[in-house]
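Engineer: A structural model of the following input is requested.
(one chain, ligands or ions: 2)
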Amino acid sequence: MAKIRIYKVAEQLGMPTHEVMDILKALGSDVKNHMSSIDEEYIELLQEEREYRKKEEEKNRKRKERTIQLKESPHLKDIARLLDMHWEDIVIKLADWNVIFDSKKPLPPLVVERLAREKNWEIIWEDSLREKTIEALQGGLGIRPPIVTVLGHVDHGKTTLLDAIRRSKVAQSEYGGITQKIGAYQIEVSNKKITFVDTPGHEAFTAMRARGAQVTDIAILVVAADDGVMPQTIEALQHAKAADVSIIVAINKIDKSGANPDRIKQQLSDYGLVPEEWGGDTIFVNISALQKKGINDLLEMILLQAELLELKARHQGYATGTIIESRLDRGKGPVATVIVKEGTLKIGDFFVAGATWGKVRSLFSVNGKKVKEAIPSMPVEIVGFSELPPAGTQYMVIEDEKIARLIANQKQLKEREKSLKGSSAQITSLEELLS
Ligand code: GDP
Ligand code: MG
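Structural biologist: Ligands and ions are numbered 1, 2, ... in the order given. Here you go, the predicted structure:
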(Lines give C-alpha, C1' and ligand atoms only; values in the text may rest on other atoms or scores of the structure.)
(Ligands and ions follow the chains in the order given, each with its own letter.)
Protein backbone atom coordinates (compact mmCIF):
# COMPACT_ATOMS: atom_id res chain seq x y z
CA MET A 1 0.00 0.00 0.00
CA ALA A 2 1.35 3.39 -1.04
CA LYS A 3 2.34 5.72 1.78
CA ILE A 4 2.34 9.47 1.69
CA ARG A 5 3.69 12.09 4.08
CA ILE A 6 1.21 14.29 5.90
CA TYR A 7 2.56 17.64 4.70
CA LYS A 8 2.15 16.34 1.14
CA VAL A 9 -1.44 15.37 1.84
CA ALA A 10 -2.07 18.82 3.25
CA GLU A 11 -0.63 20.38 0.12
CA GLN A 12 -2.73 18.17 -2.09
CA LEU A 13 -5.97 18.93 -0.24
CA GLY A 14 -5.16 22.59 0.33
CA MET A 15 -5.58 22.17 4.08
CA PRO A 16 -3.33 23.33 6.91
CA THR A 17 -1.20 20.43 8.20
CA HIS A 18 -2.50 20.85 11.74
CA GLU A 19 -6.03 20.28 10.51
CA VAL A 20 -4.99 17.13 8.65
CA MET A 21 -3.28 15.89 11.84
CA ASP A 22 -6.34 16.80 13.82
CA ILE A 23 -8.68 14.79 11.59
CA LEU A 24 -6.32 11.84 11.46
CA LYS A 25 -6.11 11.72 15.23
CA ALA A 26 -9.89 11.92 15.43
CA LEU A 27 -10.00 8.96 13.06
CA GLY A 28 -7.82 6.98 15.46
CA SER A 29 -4.51 7.23 13.64
CA ASP A 30 -1.35 7.56 15.78
CA VAL A 31 0.42 10.13 13.60
CA LYS A 32 3.32 11.91 15.34
CA ASN A 33 4.09 14.97 13.18
CA HIS A 34 3.81 16.35 9.67
CA MET A 35 6.64 14.12 8.48
CA SER A 36 4.72 10.99 9.43
CA SER A 37 3.33 8.90 6.59
CA ILE A 38 -0.18 7.59 6.12
CA ASP A 39 -1.83 5.20 3.69
CA GLU A 40 -3.05 6.93 0.55
CA GLU A 41 -6.48 5.50 1.22
CA TYR A 42 -6.86 8.00 4.03
CA ILE A 43 -6.99 10.85 1.55
CA GLU A 44 -10.56 10.15 0.54
CA LEU A 45 -11.66 9.94 4.15
CA LEU A 46 -9.90 13.19 4.92
CA GLN A 47 -11.68 14.88 2.06
CA GLU A 48 -15.06 13.65 3.23
CA GLU A 49 -14.38 14.73 6.77
CA ARG A 50 -13.32 18.17 5.62
CA GLU A 51 -16.54 18.60 3.58
CA TYR A 52 -18.59 17.53 6.55
CA ARG A 53 -16.84 19.96 8.87
CA LYS A 54 -17.35 22.81 6.44
CA LYS A 55 -21.06 22.11 6.25
CA GLU A 56 -21.35 21.92 10.03
CA GLU A 57 -19.55 25.21 10.40
CA GLU A 58 -21.88 26.83 7.93
CA LYS A 59 -24.90 25.42 9.76
CA ASN A 60 -23.61 26.68 13.07
CA ARG A 61 -22.96 30.08 11.65
CA LYS A 62 -26.51 30.23 10.27
CA ARG A 63 -27.94 28.95 13.51
CA LYS A 64 -26.12 31.65 15.41
CA GLU A 65 -27.51 34.27 13.08
CA ARG A 66 -31.03 33.07 13.84
CA THR A 67 -30.85 32.88 17.60
CA ILE A 68 -31.90 35.37 20.20
CA GLN A 69 -30.15 35.22 23.54
CA LEU A 70 -32.44 36.38 26.28
CA LYS A 71 -30.93 38.00 29.35
CA GLU A 72 -34.22 39.23 30.74
CA SER A 73 -37.80 38.11 30.33
CA PRO A 74 -39.30 39.83 27.31
CA HIS A 75 -42.44 41.87 27.56
CA LEU A 76 -44.84 42.17 24.67
CA LYS A 77 -43.19 45.21 23.15
CA ASP A 78 -39.66 43.84 23.70
CA ILE A 79 -40.33 40.67 21.79
CA ALA A 80 -42.08 42.67 19.08
CA ARG A 81 -38.93 44.73 18.66
CA LEU A 82 -36.68 41.67 18.72
CA LEU A 83 -38.71 39.84 16.10
CA ASP A 84 -39.35 42.96 14.08
CA MET A 85 -43.12 42.63 14.41
CA HIS A 86 -45.89 45.06 15.24
CA TRP A 87 -46.97 44.50 18.82
CA GLU A 88 -50.61 44.79 17.73
CA ASP A 89 -50.09 41.80 15.45
CA ILE A 90 -48.68 39.85 18.35
CA VAL A 91 -51.69 40.75 20.50
CA ILE A 92 -54.02 39.43 17.83
CA LYS A 93 -52.00 36.26 17.47
CA LEU A 94 -52.06 35.68 21.22
CA ALA A 95 -55.81 36.15 21.26
CA ASP A 96 -56.06 33.62 18.44
CA TRP A 97 -54.03 31.15 20.47
CA ASN A 98 -56.16 31.91 23.54
CA VAL A 99 -53.04 32.91 25.40
CA ILE A 100 -53.50 34.92 28.54
CA PHE A 101 -51.02 37.71 28.90
CA ASP A 102 -50.42 40.83 30.85
CA SER A 103 -48.50 43.52 29.03
CA LYS A 104 -46.97 44.65 32.32
CA LYS A 105 -45.47 41.21 32.85
CA PRO A 106 -43.11 39.01 30.85
CA LEU A 107 -44.77 36.78 28.28
CA PRO A 108 -44.88 33.06 29.04
CA PRO A 109 -41.64 31.48 27.73
CA LEU A 110 -43.43 28.99 25.51
CA VAL A 111 -45.26 31.84 23.82
CA VAL A 112 -42.00 33.68 23.21
CA GLU A 113 -40.52 30.52 21.71
CA ARG A 114 -43.53 29.93 19.50
CA LEU A 115 -43.57 33.52 18.23
CA ALA A 116 -39.86 33.29 17.49
CA ARG A 117 -40.22 29.97 15.69
CA GLU A 118 -42.85 31.44 13.39
CA LYS A 119 -40.25 33.97 12.34
CA ASN A 120 -37.54 31.32 12.04
CA TRP A 121 -35.73 32.40 15.15
CA GLU A 122 -34.57 30.26 17.98
CA ILE A 123 -34.61 31.44 21.58
CA ILE A 124 -31.72 30.67 23.88
CA TRP A 125 -32.52 31.32 27.52
CA GLU A 126 -29.81 32.32 29.88
CA ASP A 127 -29.34 30.11 32.92
CA SER A 128 -32.63 29.15 34.54
CA LEU A 129 -34.45 32.22 33.30
CA ARG A 130 -37.07 30.12 31.56
CA GLU A 131 -38.06 28.29 34.74
CA LYS A 132 -37.89 31.44 36.82
CA THR A 133 -40.24 33.20 34.43
CA ILE A 134 -42.71 30.34 34.55
CA GLU A 135 -42.66 30.35 38.35
CA ALA A 136 -43.16 34.09 38.49
CA LEU A 137 -46.05 33.95 36.05
CA GLN A 138 -47.88 31.28 37.97
CA GLY A 139 -47.82 33.51 41.00
CA GLY A 140 -48.58 30.69 43.38
CA LEU A 141 -51.29 28.16 42.66
CA GLY A 142 -54.17 27.80 45.05
CA ILE A 143 -56.79 25.11 45.54
CA ARG A 144 -59.99 25.65 43.59
CA PRO A 145 -63.41 24.01 43.91
CA PRO A 146 -64.36 21.21 41.52
CA ILE A 147 -66.63 21.95 38.58
CA VAL A 148 -69.24 19.25 38.22
CA THR A 149 -71.59 18.35 35.38
CA VAL A 150 -74.50 15.91 35.48
CA LEU A 151 -74.81 13.57 32.50
CA GLY A 152 -77.05 10.62 31.69
CA HIS A 153 -79.94 9.16 29.73
CA VAL A 154 -83.08 11.25 29.29
CA ASP A 155 -85.58 10.99 32.18
CA HIS A 156 -83.07 9.31 34.48
CA GLY A 157 -83.28 12.32 36.81
CA LYS A 158 -80.55 14.84 35.94
CA THR A 159 -82.73 17.92 36.37
CA THR A 160 -84.33 16.55 39.54
CA LEU A 161 -80.89 15.89 41.01
CA LEU A 162 -79.52 19.35 40.17
CA ASP A 163 -82.63 20.90 41.73
CA ALA A 164 -82.39 18.72 44.83
CA ILE A 165 -78.77 19.73 45.37
CA ARG A 166 -79.49 23.39 44.83
CA ARG A 167 -82.52 23.43 47.08
CA SER A 168 -80.80 21.55 49.86
CA LYS A 169 -77.79 23.83 49.93
CA VAL A 170 -78.73 27.27 48.70
CA ALA A 171 -80.69 29.17 51.32
CA GLN A 172 -84.24 29.96 50.23
CA SER A 173 -83.73 33.64 51.06
CA GLU A 174 -80.99 33.85 48.47
CA TYR A 175 -83.46 32.85 45.80
CA GLY A 176 -85.32 36.14 46.16
CA GLY A 177 -86.27 37.58 42.85
CA ILE A 178 -84.51 35.10 40.60
CA THR A 179 -86.81 34.03 37.89
CA GLN A 180 -84.46 33.24 35.03
CA LYS A 181 -82.90 29.84 34.67
CA ILE A 182 -79.25 29.82 35.60
CA GLY A 183 -76.65 27.67 33.94
CA ALA A 184 -74.40 27.17 36.93
CA TYR A 185 -74.41 27.42 40.69
CA GLN A 186 -72.08 26.95 43.59
CA ILE A 187 -72.86 25.30 46.91
CA GLU A 188 -70.95 24.81 50.13
CA VAL A 189 -70.62 21.48 51.94
CA SER A 190 -68.45 21.10 55.06
CA ASN A 191 -66.92 24.51 54.33
CA LYS A 192 -65.91 23.41 50.87
CA LYS A 193 -67.37 24.69 47.64
CA ILE A 194 -68.62 22.74 44.63
CA THR A 195 -69.62 24.33 41.32
CA PHE A 196 -72.36 22.68 39.29
CA VAL A 197 -72.79 23.38 35.61
CA ASP A 198 -76.20 22.66 34.24
CA THR A 199 -75.48 21.28 30.79
CA PRO A 200 -78.76 20.03 29.38
CA GLY A 201 -77.16 16.95 27.91
CA HIS A 202 -73.98 15.41 26.73
CA GLU A 203 -74.37 16.97 23.30
CA ALA A 204 -73.86 20.36 24.91
CA PHE A 205 -70.95 18.97 26.85
CA THR A 206 -69.38 17.75 23.62
CA ALA A 207 -70.20 20.94 21.74
CA MET A 208 -68.55 23.02 24.44
CA ARG A 209 -65.54 20.78 24.33
CA ALA A 210 -65.33 21.09 20.56
CA ARG A 211 -64.95 24.83 21.13
CA GLY A 212 -62.09 24.23 23.48
CA ALA A 213 -64.20 25.04 26.50
CA GLN A 214 -63.80 22.21 28.89
CA VAL A 215 -65.37 23.39 32.11
CA THR A 216 -65.80 20.07 33.84
CA ASP A 217 -63.61 18.25 36.34
CA ILE A 218 -66.07 15.61 37.50
CA ALA A 219 -69.07 14.17 35.68
CA ILE A 220 -71.93 12.64 37.64
CA LEU A 221 -73.31 9.85 35.50
CA VAL A 222 -76.95 9.45 36.48
CA VAL A 223 -78.50 6.02 35.84
CA ALA A 224 -82.07 5.23 36.86
CA ALA A 225 -82.05 2.05 38.92
CA ASP A 226 -85.30 0.76 37.41
CA ASP A 227 -84.30 1.47 33.82
CA GLY A 228 -80.63 0.53 33.89
CA VAL A 229 -77.86 1.41 31.47
CA MET A 230 -79.25 2.90 28.26
CA PRO A 231 -77.64 4.01 24.98
CA GLN A 232 -77.30 7.62 26.12
CA THR A 233 -75.71 6.43 29.37
CA ILE A 234 -72.96 4.78 27.34
CA GLU A 235 -72.60 7.79 25.07
CA ALA A 236 -72.33 10.10 28.07
CA LEU A 237 -69.69 7.97 29.74
CA GLN A 238 -67.71 7.76 26.53
CA HIS A 239 -67.78 11.54 26.13
CA ALA A 240 -66.66 11.99 29.72
CA LYS A 241 -63.84 9.52 29.20
CA ALA A 242 -62.76 11.19 25.96
CA ALA A 243 -62.64 14.48 27.84
CA ASP A 244 -60.55 12.88 30.55
CA VAL A 245 -63.10 13.86 33.16
CA SER A 246 -63.43 11.69 36.23
CA ILE A 247 -66.77 9.94 36.62
CA ILE A 248 -68.90 9.30 39.69
CA VAL A 249 -71.93 7.09 39.12
CA ALA A 250 -75.18 8.13 40.81
CA ILE A 251 -77.67 5.27 40.78
CA ASN A 252 -80.93 7.18 40.96
CA LYS A 253 -84.55 6.29 41.74
CA ILE A 254 -83.59 3.65 44.30
CA ASP A 255 -86.99 4.37 45.89
CA LYS A 256 -88.65 2.57 42.99
CA SER A 257 -89.75 -1.03 43.32
CA GLY A 258 -87.89 -2.33 40.28
CA ALA A 259 -84.61 -0.77 41.42
CA ASN A 260 -81.61 -3.01 40.83
CA PRO A 261 -78.32 -1.23 41.61
CA ASP A 262 -76.22 -4.39 41.23
CA ARG A 263 -77.33 -4.88 37.66
CA ILE A 264 -76.12 -1.33 36.85
CA LYS A 265 -72.76 -1.96 38.51
CA GLN A 266 -72.43 -5.11 36.43
CA GLN A 267 -73.36 -3.35 33.19
CA LEU A 268 -71.04 -0.40 33.80
CA SER A 269 -68.16 -2.68 34.78
CA ASP A 270 -68.24 -3.93 31.20
CA TYR A 271 -67.46 -0.36 30.18
CA GLY A 272 -64.55 0.02 32.58
CA LEU A 273 -66.46 1.63 35.45
CA VAL A 274 -65.76 -0.94 38.16
CA PRO A 275 -67.09 -0.18 41.66
CA GLU A 276 -64.58 0.14 44.49
CA GLU A 277 -66.13 -2.77 46.38
CA TRP A 278 -65.41 -4.95 43.34
CA GLY A 279 -61.78 -3.89 43.20
CA GLY A 280 -62.19 -1.01 40.78
CA ASP A 281 -61.77 2.70 41.33
CA THR A 282 -65.15 4.14 40.39
CA ILE A 283 -67.35 5.60 43.09
CA PHE A 284 -71.02 4.52 42.95
CA VAL A 285 -73.63 6.24 45.14
CA ASN A 286 -77.27 5.16 45.53
CA ILE A 287 -79.62 8.12 45.53
CA SER A 288 -83.21 9.17 45.18
CA ALA A 289 -83.22 12.65 43.69
CA LEU A 290 -86.97 12.83 44.17
CA GLN A 291 -86.93 11.93 47.85
CA LYS A 292 -83.61 13.74 48.41
CA LYS A 293 -81.93 10.60 49.71
CA GLY A 294 -78.20 9.99 49.38
CA ILE A 295 -77.57 13.56 48.23
CA ASN A 296 -75.14 14.28 51.07
CA ASP A 297 -73.24 11.04 50.37
CA LEU A 298 -72.94 12.08 46.75
CA LEU A 299 -71.65 15.53 47.69
CA GLU A 300 -69.11 14.01 50.10
CA MET A 301 -67.90 11.72 47.33
CA ILE A 302 -67.53 14.68 44.98
CA LEU A 303 -65.36 16.44 47.56
CA LEU A 304 -63.30 13.29 48.07
CA GLN A 305 -62.75 12.91 44.34
CA ALA A 306 -61.87 16.60 44.04
CA GLU A 307 -59.25 16.20 46.74
CA LEU A 308 -57.68 13.30 44.85
CA LEU A 309 -57.61 15.39 41.68
CA GLU A 310 -55.69 18.17 43.49
CA LEU A 311 -57.46 20.85 41.50
CA LYS A 312 -55.46 24.05 41.47
CA ALA A 313 -55.51 27.41 39.73
CA ARG A 314 -53.65 30.67 39.72
CA HIS A 315 -55.64 33.02 41.96
CA GLN A 316 -53.63 36.20 41.46
CA GLY A 317 -53.73 38.45 38.45
CA TYR A 318 -56.08 38.86 35.52
CA ALA A 319 -58.96 36.47 35.14
CA THR A 320 -59.75 34.05 32.36
CA GLY A 321 -62.86 31.96 32.11
CA THR A 322 -65.56 30.41 29.97
CA ILE A 323 -68.93 31.86 29.03
CA ILE A 324 -71.65 29.47 30.18
CA GLU A 325 -74.56 31.46 28.83
CA SER A 326 -75.58 34.97 27.93
CA ARG A 327 -78.84 36.85 27.75
CA LEU A 328 -80.22 40.30 27.16
CA ASP A 329 -81.49 41.74 30.45
CA ARG A 330 -84.07 44.51 30.20
CA GLY A 331 -82.38 46.58 32.86
CA LYS A 332 -78.75 45.53 32.67
CA GLY A 333 -78.31 45.04 28.92
CA PRO A 334 -76.19 42.14 27.62
CA VAL A 335 -75.11 39.96 30.55
CA ALA A 336 -73.25 36.67 30.64
CA THR A 337 -72.49 33.99 33.18
CA VAL A 338 -68.83 33.10 33.32
CA ILE A 339 -67.01 30.42 35.25
CA VAL A 340 -63.65 31.81 36.28
CA LYS A 341 -60.77 29.52 35.34
CA GLU A 342 -57.80 31.45 36.64
CA GLY A 343 -57.09 34.78 38.31
CA THR A 344 -59.49 37.11 40.05
CA LEU A 345 -62.20 38.93 38.14
CA LYS A 346 -62.85 42.44 39.40
CA ILE A 347 -65.17 45.33 38.76
CA GLY A 348 -63.56 47.76 36.32
CA ASP A 349 -61.61 45.07 34.43
CA PHE A 350 -61.50 45.34 30.65
CA PHE A 351 -62.11 42.08 28.88
CA VAL A 352 -62.50 40.23 25.60
CA ALA A 353 -64.79 37.29 24.92
CA GLY A 354 -64.53 36.20 21.31
CA ALA A 355 -65.64 39.09 19.16
CA THR A 356 -67.12 41.07 22.03
CA TRP A 357 -65.39 43.18 24.63
CA GLY A 358 -66.30 45.41 27.48
CA LYS A 359 -65.64 46.63 31.00
CA VAL A 360 -66.99 44.86 34.06
CA ARG A 361 -69.63 47.28 35.36
CA SER A 362 -71.05 44.98 38.01
CA LEU A 363 -70.79 41.38 39.13
CA PHE A 364 -73.54 39.19 40.53
CA SER A 365 -73.35 35.81 42.15
CA VAL A 366 -75.68 33.35 40.45
CA ASN A 367 -78.04 33.85 43.40
CA GLY A 368 -78.44 37.45 42.33
CA LYS A 369 -76.25 39.05 45.00
CA LYS A 370 -73.84 41.82 44.11
CA VAL A 371 -70.22 40.74 44.53
CA LYS A 372 -66.95 42.64 44.21
CA GLU A 373 -64.85 39.90 42.68
CA ALA A 374 -64.85 36.30 41.50
CA ILE A 375 -62.12 33.73 42.07
CA PRO A 376 -61.38 30.43 40.24
CA SER A 377 -64.29 27.99 39.73
CA MET A 378 -66.82 30.64 40.74
CA PRO A 379 -69.76 31.21 38.40
CA VAL A 380 -70.53 34.89 38.14
CA GLU A 381 -72.80 37.09 36.10
CA ILE A 382 -71.05 39.97 34.37
CA VAL A 383 -72.70 43.20 33.34
CA GLY A 384 -70.82 45.32 30.84
CA PHE A 385 -70.66 43.48 27.52
CA SER A 386 -70.84 45.36 24.25
CA GLU A 387 -72.78 42.47 22.70
CA LEU A 388 -73.97 38.99 23.67
CA PRO A 389 -71.05 36.57 23.75
CA PRO A 390 -71.79 33.00 22.59
CA ALA A 391 -71.80 30.15 25.12
CA GLY A 392 -68.50 28.31 25.19
CA THR A 393 -66.45 31.42 24.37
CA GLN A 394 -63.24 31.95 26.29
CA TYR A 395 -63.21 35.05 28.42
CA MET A 396 -60.04 36.98 29.13
CA VAL A 397 -59.31 40.13 31.09
CA ILE A 398 -57.00 42.53 29.28
CA GLU A 399 -55.10 45.30 30.99
CA ASP A 400 -55.74 47.87 28.36
CA GLU A 401 -59.01 49.03 26.83
CA LYS A 402 -57.36 49.71 23.49
CA ILE A 403 -55.97 46.19 23.26
CA ALA A 404 -59.31 44.66 24.29
CA ARG A 405 -61.09 46.55 21.55
CA LEU A 406 -58.42 45.66 19.02
CA ILE A 407 -58.71 41.93 19.68
CA ALA A 408 -62.51 41.97 19.58
CA ASN A 409 -62.58 43.96 16.36
CA GLN A 410 -60.13 41.59 14.76
CA LYS A 411 -62.28 38.59 15.73
CA GLN A 412 -65.36 40.39 14.43
CA LEU A 413 -63.71 40.87 11.07
CA LYS A 414 -62.86 37.19 10.93
CA GLU A 415 -66.40 36.18 11.89
CA ARG A 416 -67.84 38.46 9.27
CA GLU A 417 -65.61 36.86 6.67
CA LYS A 418 -66.83 33.46 7.81
CA SER A 419 -70.51 34.39 7.79
CA LEU A 420 -70.11 35.80 4.30
CA LYS A 421 -69.02 32.31 3.38
CA GLY A 422 -72.30 31.12 4.89
CA SER A 423 -71.53 29.79 8.34
CA SER A 424 -73.84 29.84 11.32
CA ALA A 425 -75.04 32.61 13.60
CA GLN A 426 -73.95 33.10 17.19
CA ILE A 427 -75.14 30.70 19.84
CA THR A 428 -76.04 32.30 23.13
CA SER A 429 -77.07 29.40 25.36
CA LEU A 430 -76.14 25.81 25.88
CA GLU A 431 -79.62 24.77 24.77
CA GLU A 432 -79.04 26.39 21.42
CA LEU A 433 -75.93 24.30 20.97
CA LEU A 434 -78.31 21.35 20.84
CA SER A 435 -80.75 22.65 18.30
P1 GDP B 1 -83.75 14.19 33.13
O2 GDP B 1 -84.38 14.05 31.78
O3 GDP B 1 -82.60 13.27 33.29
O4 GDP B 1 -83.44 15.60 33.51
O5 GDP B 1 -84.84 13.64 34.19
P6 GDP B 1 -85.80 14.45 35.15
O7 GDP B 1 -85.05 15.02 36.28
O8 GDP B 1 -86.61 15.38 34.33
O9 GDP B 1 -86.68 13.26 35.72
C10 GDP B 1 -87.50 12.47 34.89
C11 GDP B 1 -88.66 11.91 35.72
O12 GDP B 1 -88.14 11.03 36.72
C13 GDP B 1 -89.44 12.98 36.47
O14 GDP B 1 -90.79 12.66 36.41
C15 GDP B 1 -88.91 12.89 37.89
O16 GDP B 1 -89.85 13.28 38.84
C17 GDP B 1 -88.58 11.41 38.00
N18 GDP B 1 -87.54 11.16 38.99
C19 GDP B 1 -86.34 11.76 39.06
N20 GDP B 1 -85.63 11.27 40.10
C21 GDP B 1 -86.43 10.35 40.69
C22 GDP B 1 -86.25 9.49 41.84
O23 GDP B 1 -85.24 9.48 42.53
N24 GDP B 1 -87.27 8.63 42.11
C25 GDP B 1 -88.41 8.60 41.38
N26 GDP B 1 -89.34 7.73 41.75
N27 GDP B 1 -88.59 9.39 40.32
C28 GDP B 1 -87.62 10.26 39.98
MG1 MG C 1 -83.61 17.36 32.34
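Engineer: For the nearest residue to M35 once chain neighbours are set aside, list each beta-bridge partner.
Structural biologist: Nearest residue to M35 in three dimensions, chain neighbours excluded: R5, at 6.0 Å (C-beta to C-beta, 6 or more residues apart in numbering). (C-beta placed from N, C-alpha, C; glycine too.) Beta-bridge partners for R5, by DSSP bridges, are S37.
Engineer: S326 now?
Structural biologist: A336.
Engineer: Looking at it now. What's its pLDDT?
Structural biologist: pLDDT, S326: 88.
Engineer: Same question for A136.
Structural biologist: Value listed for A136 in the pLDDT field: 72.
Engineer: my guess is it is in a helix, correct?
Structural biologist: Yes. The assignment for A136 by DSSP: H, G, I helix; E, B strand; the rest coil puts it in a helix.
Engineer: thought it was touching P109?
Structural biologist: No. Using C-beta atoms under 8 Å, A136 makes no contact with P109, being 10.5 Å away.
Engineer: which residues does I407 contact?
Structural biologist: V91, I92, A95, V352, W357, I398 (C-beta atoms under 8 Å, 6 or more residues apart in numbering).
Engineer: er, S257 actually
Structural biologist: D226.
Engineer: now it, what's its secondary structure?
Structural biologist: Under three-state DSSP, S257 falls in the coil class.
Engineer: Tell me where the stretch 51-200 of the chain has helices.
Structural biologist: 76-82, 87-96, 109-118, 129-138, 158-169 (DSSP state H, counting those that start in this stretch).
Engineer: Generate CSV for those helices, with mean neighbour count and distance to ligand 1 as supplementary columns.
Structural biologist: Formatted as CSV, those follow (neighbours: other C-beta atoms under 10 Å; distance: least, C-beta to the nearest ligand atom, whole Å):
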stretch, mean neighbour count, distance to ligand 1
helix 76-82, 17, 47
helix 87-96, 18, 37
helix 109-118, 17, 42
helix 129-138, 15, 39
helix 158-169, 19, 3
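Engineer: between those helices, which gets the lowest average pLDDT?
Structural biologist: helix 129-138 (a mean of 74).
Engineer: what's that helix packed up against?
Structural biologist: In terms of contacts (3 or more C-beta pairs under 8 Å, 6 or more residues apart in numbering; DSSP states H and E), helix 129-138 is packed against helix 109-118.
Engineer: Flag the shaky bits of the stretch 151-300 of the chain, pLDDT-wise.
Structural biologist: Counting by pLDDT under 70, the stretch 151-300 of the chain contains low-confidence ranges at 168-182, 199-213.
Engineer: of all of it, which residue lies closest to ligand 2?
Structural biologist: Using C-beta to the ion, the closest approach of the stretch 151-300 of the chain to ligand 2 is made by T159 at 3.3 Å.
Engineer: Show me what from this structure comes close to ligand 2.
Structural biologist: The chain has residues K158, T159 near ligand 2, with proximity defined as C-beta under 5 Å from the ion.
Engineer: So which residues on the chain come close to ligand 1?
Structural biologist: Contacts of the chain with ligand 1, taken as C-beta under 6 Å from any ligand atom, map to 152, 154-160, 252-253, 255-256, 288-290.
Engineer: Repeat the analysis, applying 5 Å as the threshold.
Structural biologist: Residues of the chain lying close to ligand 1 (C-beta under 5 Å from any ligand atom) are 154-160, 252-253, 255-256, 288-290.
Engineer: List only buried entries from those residues.
Structural biologist: Buried members of the residues of the chain next to ligand 1, scored by 16 or more other C-beta atoms under 10 Å, are H156, G157, K158, T160, N252, K253, S288, A289.
Engineer: how about the strands in the stretch 251-400 of the chain?
Structural biologist: For the stretch 251-400 of the chain, the strands defined by DSSP state E, counting those that start in this stretch occupy 283-286, 312-314, 320-329, 333-342, 345-346, 350-353, 356-365, 370-371, 373-374, 379-385, 394-398.
Engineer: of all those strands, which lies closest to S269?
Structural biologist: strand 283-286 (10.2 Å; C-beta to C-beta).
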